[in-house]
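Novice: sequence-free structure coming up:
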């Protein structure tokens with residue numbers, strides 16, 4: 001249902017009131033199709049300023065306001081009178097009134113007024129968009145000589161239709177495209193009347209720039225009353241520029257992937273390789289189109305293979321970023337470690353379309369990481385845990401979830417170690433420390449921790465020990481290990497001498513307290529020893 005058209009008197013009154021409020025508003029006539037037309041001679045603009053240049057009201061407003069203008073135009077067609085507020089290109093920060101008034105009963109035209117730009121300089125036209133037509137028509141004879149052209153061609157190629165008359169069409173084509181243009185033309189000439197041939201060609205603008213056209217030549221040479229080739233020329237410069245930008249972007253990305261120090265693989269949802277750089281191709285041993293799975297992953301160490309398969313499935317099925325690390329066998333370089341970073345690719349609807357996998361060789365990093373961990377955890381001379389790591393092991397034993405049995409700490413202090421250093425030298429002392437450490441590690445249970453606590457002090461952490469008696473038995477096994485072991489130095493048999501203290505506690509025990517009790521027991525053994533090895537159990 002449409003609104004009834006406003007009567008002529010009311011439209012006349014609306015025009016007069018608008019002009020009275022804005023005597024120097026901009027004015028233009030509008031055709032039924034919405035395009036600007038010349039004002040009729042019978043129309044006296046007075047102080048109103050005629051609009052020249054733009055094709056329609058849409059050319060005068062910012063892009064965001066064009067839907068508003070279109071809505072007002074439809075309302076105007078129904079009622080003969082409409083108004084909307086818009087931001088003009090001449091003053092985008094300002095709101096002006098756009099009035100549409102049907103005055104065909106008086107002047108034979110419809111009128112549009114831009115009111116509110118009173119401060120616009122009188123000698124300057126309204127700023128507007130120059131909209132080029134996308135489709136123009138050119139007519140050619142059988143020799144491809146232009147015999148007629150759409151007047152709008154001047155907007156796209158710079159030459160007027162009259163200037164192009166008698167011009168060879170091929171002379172407008174970019175030199176690099178002329179062979180293709182001639183081939184398409186000859187193919188068209190050989191086709192039956194009424195058929196068409198389409199070709200994409202670059203044309204030269206009058207200013208020297210290049211315009212891409214999709215030219216459709218319709219063979220109407222033998223058509224009655226025609227005798228010409230009618231060429232529809234569609235400006236596809238924006239499309240070709242977008243394709244060129246995409247091609248350049250893809251080339252740049254491929255160049256980048258070949259220069260960065262990692263393997264890059266793109267796969268689809270079926271795991272087929274869509275792209276890979278050279279580094280990835282060497283590492284995987286696959287080609288584009290191969291499925292990333294099965295035998296292609298056999299180089300991965302068996303223990304790591306399930307995690308990598310799971311990582312690929314996760315990124316493709318769940319659209320989750322995944323990090324994974326695995327080892328593999330390199331024929332030339334031996335065992336290597338690789339970090340895989342997997343990221344999902346998605347389409348406009350958010351659906352996963354594939355994944356990008358970045359492969360970085362982290363063998364050296366892992367080796368350095370392991371070395372740092374080794375240094376932070378173990379004593380460099382004896383291979384035992386260092387002091388900090390030993391205390392950590394004790395705290396972990398005490399904090400173990402579900403622990404119901406006790407924990408034992410055995411403190412070993414080597415006696416007369418200084419005399420060994422003085423008599424045989426520090427190298428001999430180091431050999432003695434290494435010997436003792438080896439004997440202790442060979443005597444403890446699985447899961448026990450042997451640590452070097454100080455210069456000549458060792459501490460053994462024994463979790464899951466049922467009682468103090470059991471703790472003492474462990475201490476006695478350490479004594480037995482040291483009793484039966486000796487070290488040959490400078491032709492002499494050196495037997496370790498040590499004082500050993502054992503402490504045991506059940507649940508709710510403080511690590512510092514347990515260490516202190518074992519240390520106190522060791523001193524009791526040192527005071528009471530009668531042989532080279534003495535052991536005492538803390539109270």
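Specialist: Sure, I can see it. Quick caveat, the model's predicted, so the values are computed rather than measured.
Novice: tell me the contacts of residue 503?
Specialist: 408-411, 471, 514-515, 517-518, 520-521, 537-538 (Cβ atoms under 8 Å, 6 or more residues apart in numbering). Just so you know, the C-beta spots here come from the backbone N, C-alpha and C atoms, and that holds for glycine as well.
Novice: Now do the buried residues in the helix or strand hosting it.
Specialist: Using DSSP states H and E, the element containing residue 503 is strand 498-505. By 16 or more other Cβ atoms under 10 Å, the buried positions in strand 498-505 come out as 498, 499, 500, 501, 502, 503, 504, 505.
Novice: now swap in stretch 408-423 and tell me
Specialist: 408, 409, 410, 411, 412, 413, 414, 415, 417, 420, 421.
Novice: how does the chain divide up, domain by domain?
Specialist: What the record gives for the chain is the domain set 8-115, 135-240, 261-366, 378-537, from automatic domain parsing.
Novice: Could you work out the end-to-end span of the third one for me?
Specialist: In this case it means domain 261-366. End-to-end distance for domain 261-366: 17 Å, by Cα to Cα, to the nearest Å.
Novice: The last one now?
Specialist: End-to-end distance of domain 378-537 (Cα to Cα): 28 Å.
Novice: in the stretch 151-300 of the chain, which segments are predicted with low confidence?
Specialist: The stretch 151-300 of the chain contains no residues with pLDDT under 70.
Novice: What ranges does it have for its helices?
Specialist: Secondary structure of the stretch 151-300 of the chain by DSSP state H, counting those that start in this stretch: the helices cover 153-157, 161-164, 178-189, 237-259, 278-284.
Novice: Return the most buried member of those.
Specialist: helix 153-157 (a mean of 20; mean count of other Cβ atoms under 10 Å).
Novice: Who are the packing partners of that one?
Specialist: strand 135-140, helix 161-164, strand 228-235 (3 or more Cβ pairs under 8 Å, 6 or more residues apart in numbering; DSSP states H and E).
Novice: Format those as CSV; extra columns: distance to residue 302.
Specialist: Converted to CSV, the helices and strands packed on helix 153-157 look like this (distance: least, Cβ to Cβ, whole Å):
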stretch, distance to residue 302
strand 135-140, 64
helix 161-164, 74
strand 228-235, 60
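Novice: Give me the mean pLDDT for stretch 113-125.
Specialist: Mean pLDDT, computed over stretch 113-125, is 72.
Novice: ok so, going back, let me have the buried residues of stretch 408-423 in CSV, extended by pLDDT and secondary structure.
Specialist: As requested, these are exported to CSV (pLDDT from 0 to 100; DSSP: H, G, I helix; E, B strand; the rest coil):
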residue, pLDDT, secondary structure
408, 93, strand
409, 95, strand
410, 95, strand
411, 95, strand
412, 94, strand
413, 92, strand
414, 91, strand
415, 89, coil
417, 88, helix
420, 86, helix
421, 86, helix
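Novice: Distance to residue 327 added to those, as a markdown table?
Specialist: Shown next, in a markdown table, are the buried residues of stretch 408-423 (distance: Cβ to Cβ, whole Å):
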| residue | distance to residue 327 |
| --- | --- |
| 408 | 38 |
| 409 | 37 |
| 410 | 38 |
| 411 | 40 |
| 412 | 38 |
| 413 | 42 |
| 414 | 41 |
| 415 | 47 |
| 417 | 43 |
| 420 | 44 |
| 421 | 44 |
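Novice: right, and out of those residues, which lies closest to residue 377?
Specialist: residue 409 (18.8 Å; Cβ to Cβ).
Novice: Not counting residues beside it along the chain, what's closest to the closest one?
Specialist: Nearest non-adjacent residue to residue 409, counting by Cβ to Cβ, 6 or more residues apart in numbering: residue 518, 4.1 Å away.
Novice: element containing that neighbour?
Specialist: Residue 518 belongs to helix 511-528, assigned by DSSP H and E.
Novice: Tell me the helices and strands packed up against that helix.
Specialist: helix 387-399, strand 406-414, strand 498-505, strand 533-537.
Novice: for that helix, what is the average pLDDT?
Specialist: pLDDT averaged over helix 511-528 gives 90.
Novice: Could I get the full set of helices for the stretch 1-150 of the chain?
Specialist: 8-21, 66-79, 104-107.
Novice: buried sites along the first one?
Specialist: The one in question is helix 8-21. 11, 14, 15, 18, 19.
Novice: What pLDDT does the model give residue 407?
Specialist: 92.
Novice: For residue 511, see how far away the residue lying closest to it once chain neighbours are set aside is.
Specialist: Counting by Cβ to Cβ, 6+ apart, the nearest residue to residue 407 once its immediate chain neighbours are dropped is residue 397, at 4.9 Å. The gap separating residue 397 from residue 511 is 9 Å, by Cβ to Cβ, to the nearest Å.
Novice: Those two: which is more packed in?
Specialist: residue 397 (24 against 20; other Cβ atoms under 10 Å).
Novice: ok, now which ones touch that one?
Specialist: 403, 407, 461, 463, 464.
Novice: now with 6 Å?
Specialist: 407, 461, 463 (Cβ atoms under 6 Å, 6 or more residues apart in numbering).
Novice: Residue 67 too?
Specialist: Per Cβ under 6 Å, 6+ apart, neighbours of residue 67: none.
Novice: Okay, it and residue 61: tell me how far apart.
Specialist: 10 Å.
Novice: what about the stretch 1-150 of the chain, any weak spots by pLDDT?
Specialist: Looking at the stretch 1-150 of the chain by pLDDT under 70, you get 1-3, 118-132.
Novice: follow-up on the earlier one: output the helices of the stretch 151-300 of the chain in a markdown table, with distance to residue 432 appended to each entry.
Specialist: Below are the helices of the stretch 151-300 of the chain laid out as a markdown table (distance: least, Cβ to Cβ, whole Å):
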| stretch | distance to residue 432 |
| --- | --- |
| helix 153-157 | 96 |
| helix 161-164 | 105 |
| helix 178-189 | 90 |
| helix 237-259 | 56 |
| helix 278-284 | 49 |
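Novice: Read off the pLDDT value for the residue nearest the centre of the chain.
Specialist: Ranked by distance to the mean C-alpha position of the chain (Cα atoms, centre = their mean), the top residue is residue 343 at 8.0 Å. Per-residue pLDDT puts residue 343 at 93.
Novice: pretty sure it is in contact with residue 356, am I right?
Specialist: Yes: judged on Cβ atoms under 6 Å, residue 343 makes contact with residue 356 at a distance of 5.0 Å.
Novice: Can you give me the buried ones in the lengthiest strand in the chain?
Specialist: Under DSSP state E, the strand in the chain containing the largest number of residues is strand 334-346. Neighbour-count burial for strand 334-346 flags 336, 337, 338, 339, 340, 341, 342, 344, 345 (criterion: 16+ other Cβ under 10 Å).
Novice: ok, now how distant is residue 294 from residue 41?
Specialist: 84 Å.
Novice: low-scoring stretches of the stretch 301-450 of the chain, by residue?
Specialist: Using pLDDT under 70, the flagged stretches of the stretch 301-450 of the chain are 331, 402, 404.
Novice: swap the cut-off to 90 and go again
Specialist: 301-305, 318-321, 325-340, 347-350, 360-377, 380, 397-405, 415-429 (pLDDT under 90).
Novice: Break down it into its strands, ranges please.
Specialist: Taking DSSP state E, counting those that start in this stretch as the criterion, the stretch 301-450 of the chain contains strands spanning 322-330, 334-346, 352-361, 406-414, 449-452.
Novice: what's next to the last one, contact-wise?
Specialist: What that stands for is strand 449-452. With Cβ under 6 Å, 6+ apart, strand 449-452 has contacts from 379, 382, 384, 385, 390, 393, 440, 441, 458, 459, 460, 461.
Novice: Give me the distance from stretch 333-351 to the chain's centre.
Specialist: 12 Å (Cα atoms, centre = their mean, to the nearest Å).
Novice: Likewise for stretch 397-411?
Specialist: For stretch 397-411, the distance to the chain centre is 49 Å (Cα atoms, centre = their mean).
Novice: With stretch 426-441 instead?
Specialist: 55 Å.
Novice: OK, contacts around the closest residue to residue 280 other than its chain neighbours?
Specialist: Leaving aside its chain neighbours, residue 280 sits nearest to residue 263 (3.2 Å; criterion: Cβ to Cβ, 6+ apart). Residue 263 makes contacts with 279, 280, 283, 359, as judged by Cβ under 6 Å, 6+ apart.
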